[in-house]
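Visitor: Have a look at this prediction, sequence included:
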Amino acid sequence: MSDDFAFLEKMDYIKVDGAISSCIKNYLERSNASGYVIGLSGGLDSTVTLYMLVRSVGREKVFGLIMPEIESNLEDINDAIYIAEKLGIKYSVLDITNVVRSALDLFGESYETADKKAKGNLKARARMMILYYFANKNNYLVAATSDKSEYLLGYFTKWGDGAGDIYPIANLYKTQVRQLALYLGVPEKISYKPSSPGLWPGQKATDELKYDYSILDKIIFLLVEKQETVENVSKMLNIEKSDVENIWNTILKNSHKRIPLNSCTVSGVRE
C-alpha cells in the first residue's frame, strides 16, 4: 500500500520546479503584464508560491502584500516579513482591520459580535480585493496560493484566497508542496508549520478536517483520482468509515467552489 502513495513524496522536484517556472514565466509574457503580486501569510503555500515566482521571473517583478488584522497571529506576520526580506522582494504590510470593520458596520456588527465563519471569509475577500487593486494599478497579475488538497476539499474562501490569475501549485497535494519547500530551501519552521487559513484566532486545519494532510492526501487521492468507494478507502487506510464519509461529503458539498462560472444555459430559446 505504501508504494501506491510514493508519488506524494518521491516526485522529481527538479522537473516540478522547471514545469512550474516555465508556466509562471510564459503566462506573464503572454499577458503582457509587468509582474506578479502575492498575498503573504507566513504559511507554507504562500511561501512556496513566492519562491517559485522569484525563481521564475526575478524578485524585481514580484511584490508581496502582507495583510494582517486585529486578530492575526503575530508570529505568522513576522514569518511573512522574514521570507519577503530573505528573498529580497518589495513588500508592504497593510492592516486591513478598518476595511473589515467598515463592512461589518454596515450590518451593525463588530469584530466581537460577527459570525466567526462569515467574518473570516470577509477577511479573505478583503485581502483579495486589495490584491486586485494593486494588480490593476500596476499592471500586475495576482498569484493564487491554493494547493490541490485545499482545492479538492474546497478548503478556501470562494472569491477570496481561492481567487487569482495563475495557480502555480494547484496541481500539487499539500504533502508534495512540503517536499517542494524542502527542495527549494524554505526554512523548516515554515515547511513544517501546521496548516491554517488564519481566518480567526487559533484556527487549525486539523481541528476542522480532523486529520493531518499526510493522511488527508491519501484519502483524497483514493476518493477522487482512483474513484474508490468510501468503504474501500476506510479498509485500505484503516480509518473509520464515518471519517472517510465526512471527508467525501466535504468534497461534494464544496463542489460549487470548483465551478469557475455556473452559468444558466439558454440555448434553443426562441421568442
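Guide: Arrived safely, thanks for sending.

Visitor: Would you map the strands across the stretch 101-250 of the chain?
Guide: Secondary structure of the stretch 101-250 of the chain (DSSP state E, counting those that start in this stretch): strands at 140-142.

Visitor: what about the helices in the stretch 151-271 of the chain?
Guide: Taking DSSP state H, counting those that start in this stretch to define them, one finds helices in the stretch 151-271 of the chain at 174-184, 188-191, 205-209, 213-220, 230-237, 241-253.

Visitor: Between those, which one is closest to Tyr167.
Guide: helix 174-184 (12.2 Å; C-beta to C-beta). Using the backbone N, CA and C atoms, a C-beta is placed for each residue, glycine as well.

Visitor: From the rest of the structure, what touches that closest one?
Guide: Helix 174-184 has contacts (C-beta atoms under 8 Å, 6 or more residues apart in numbering) with 8-9, 11, 13-14, 16-17, 44-45, 47-48, 51-52, 55, 147-150, 169, 172, 188, 190-192, 195, 213-214, 216-217.

Visitor: One more pass at 7 Å, please.
Guide: 8-9, 11, 13, 16, 44-45, 47-48, 51, 147, 149, 169, 172, 191, 195, 213-214, 217 (C-beta atoms under 7 Å, 6 or more residues apart in numbering).

Visitor: Next: stretch 51-62.
Guide: Here stretch 51-62 has contacts from 20-21, 24-25, 28, 34-36, 38, 87-89, 143, 168, 184, 186, using C-beta under 7 Å, 6+ apart.

Visitor: For the stretch 151-271 of the chain, which residues score under the pLDDT cut-off?
Guide: 196-200, 202-203, 205, 263-265, 267-271 (pLDDT under 70).

Visitor: Emit the ChimeraX select command for whichever of the contacts of helix 174-184 are buried.
Guide: To isolate the buried members of the contacts of helix 174-184 in ChimeraX, using 16 or more other C-beta atoms under 10 Å:
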select :8,11,13,16,44,45,47,48,51,147,149,169,172,191,195,213,217
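
Visitor: My guess is Met67 contacts Arg127. True?
Guide: Yes: under the criterion of C-beta atoms under 7 Å, Met67 makes contact with Arg127 at 4.7 Å.

Visitor: number of nearby residues for the closest residue to Gly35 other than its chain neighbours?
Guide: Leaving aside its sequence neighbours, Gly35 sits nearest to Lys61 (C-beta to C-beta, 6 or more residues apart in numbering; 3.5 Å). Neighbours of Lys61 under the rule other C-beta atoms under 10 Å: 18.

Visitor: what does Ser56 give?
Guide: The number of residues near Ser56, taken as other C-beta under 10 Å, comes to 22.

Visitor: and it, which of the three is it?
Guide: helix (DSSP: H, G, I helix; E, B strand; the rest coil).

Visitor: roughly how far apart are the nearest residue in space to Leu28 that is not next to it in sequence and Ala33?
Guide: In space, and not counting its chain neighbours, Leu28 is closest to Val57: 5.7 Å by C-beta to C-beta, 6+ apart. Val57 sits 10 Å away from Ala33, going by C-beta to C-beta, to the nearest Å.

Visitor: joint contacts of Met67 and Arg127?
Guide: 39, 96.

Visitor: So among the contacts of stretch 51-62, which ones count as buried?
Guide: 20-21, 24-25, 28, 35-36, 38, 87, 89, 143, 168, 184, 186.

Visitor: Widest-spaced pair of the residues you listed?
Guide: Maximum distance among the buried ones among the contacts of stretch 51-62 (C-beta to C-beta): 22.2 Å, for Leu28 and Val186.

Visitor: is it true that Gly43 touches Lys193?
Guide: Yes: assessed by C-beta under 7 Å, Gly43 is found in contact with Lys193 at 6.1 Å.

Visitor: Lys204 and Gly120: what is the separation?
Guide: 13 Å.

Visitor: Including secondary structure and distance to Glu112, could the buried ones among the contacts of stretch 51-62 go into a markdown table?
Guide: Shown next, in a markdown table, are the buried ones among the contacts of stretch 51-62 (DSSP: H, G, I helix; E, B strand; the rest coil; distance: C-beta to C-beta, whole Å):
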| residue | secondary structure | distance to Glu112 |
| --- | --- | --- |
| Ile20 | helix | 42 |
| Ser21 | helix | 45 |
| Ile24 | helix | 41 |
| Lys25 | helix | 46 |
| Leu28 | helix | 43 |
| Gly35 | strand | 39 |
| Tyr36 | strand | 36 |
| Ile38 | strand | 31 |
| Leu87 | helix | 37 |
| Ile89 | coil | 36 |
| Ala143 | strand | 34 |
| Pro168 | coil | 37 |
| Leu184 | helix | 40 |
| Val186 | coil | 36 |
